[in-house]
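# using only what follows, build the 3D model:
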Amino acid sequence: MNSRRRGWVIPVVIIVAVIVIFIGMFAGKYNKYVTAEETVDQQWSKIDVQLQRRYDLIPNLVNTVKGYAEHEKEVIKSVSDARAALGGAEHRQKWPMPTLSSQVHSAAYSS
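Residues are numbered from 1 along each chain as shown. All right, here's what the predicted structure looks like:
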């Protein structure tokens with residue numbers, strides 16, 4: 001009877017050992033999964049922080065562009081007023097006046 005008892009104890013011990021090994025492997029994989037999930041959450045959190053910082057900077061950028069546009073508007077107005085005062089804005093030529101370089105070019109190649 002003692003040998004019969006020993007005959008079923010060894011397979012039961014082997015089955016329990018296999019089950020314990022599978023549970024240990026599952027626990028290890030589960031811990032790796034949880035660690036990976038936490039890493040992904042941290043990385044997304046970093047992206048959210050960067051996007052929020054950029055979003056917070058948009059009003060500053062808009063105000064800078066508005067200020068520069070106002071400055072450019074003033075510069076263009078003063079340049080156009082200066083041109084109007086210098087040459088009389090009412091008289092416009094059909095063709096542009098020849099420049100010194102075009103006169104030299106035509107004189108050099110006409111002879």
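
# what's the local residue count around Trp44?
10 (other CB atoms under 10 Å). For glycine as for every other residue, the C-beta is placed from the backbone atoms N, C-alpha and C.

# now swap in Arg83 and tell me
Count around Arg83 with other CB under 10 Å applied: 11.

# mind checking the SS state of it?
Of the three states, Arg83 takes helix under DSSP: H, G, I helix; E, B strand; the rest coil.

# element containing Val20?
In the assignment (DSSP states H and E), Val20 maps to helix 2-87.

# now that helix: mean pLDDT?
Averaged over helix 2-87, pLDDT sits at 88.

# show me what that helix is packed against.
Applying 3 or more CB pairs under 8 Å, 6 or more residues apart in numbering; DSSP states H and E, one finds that helix 2-87 makes contact with no other helix or strand.

# pLDDT wise, what is Arg92 at?
54.

# how close does Phe26 get to Thr39?
Distance of Phe26 to Thr39, computed by CB to CB, to the nearest Å: 20 Å.

# do Val79 as well
Taken as CB to CB, the span from Val79 to Thr39 is 58 Å.

# same thing with Ala17?
Taking CB to CB, one finds Ala17 at 33 Å from Thr39.

# next, count neighbours for Val16.
10.

# no, scratch that, I was asking about Asp56
When neighbours are counted by other CB under 10 Å, Asp56 comes out with 9.

# could you measure from it over to Gln50?
11 Å.

# got the contact list for Asn82?
Careful, residue 82 is Ala; it's not Asn. Applying CB atoms under 8 Å, 6 or more residues apart in numbering, we find Ala82 in contact with no residue.

# roughly how far apart are it and Val75?
Counting by CB to CB, the gap from Ala82 to Val75 is 11 Å.

# before we move on, what about Gly28?
For Gly28 relative to Val75 (CB to CB), the value is 69 Å.

# nearest residue to the middle of the chain?
Leu51 (9.0 Å; CA atoms, centre = their mean).

# residues contacting that one?
With CB under 8 Å, 6+ apart, Leu51 has no contacts at all.

# and it, how far is that from Asn63?
20 Å.

# how about Glu74?
In terms of CB to CB, Glu74 sits 17 Å off from Asn63.
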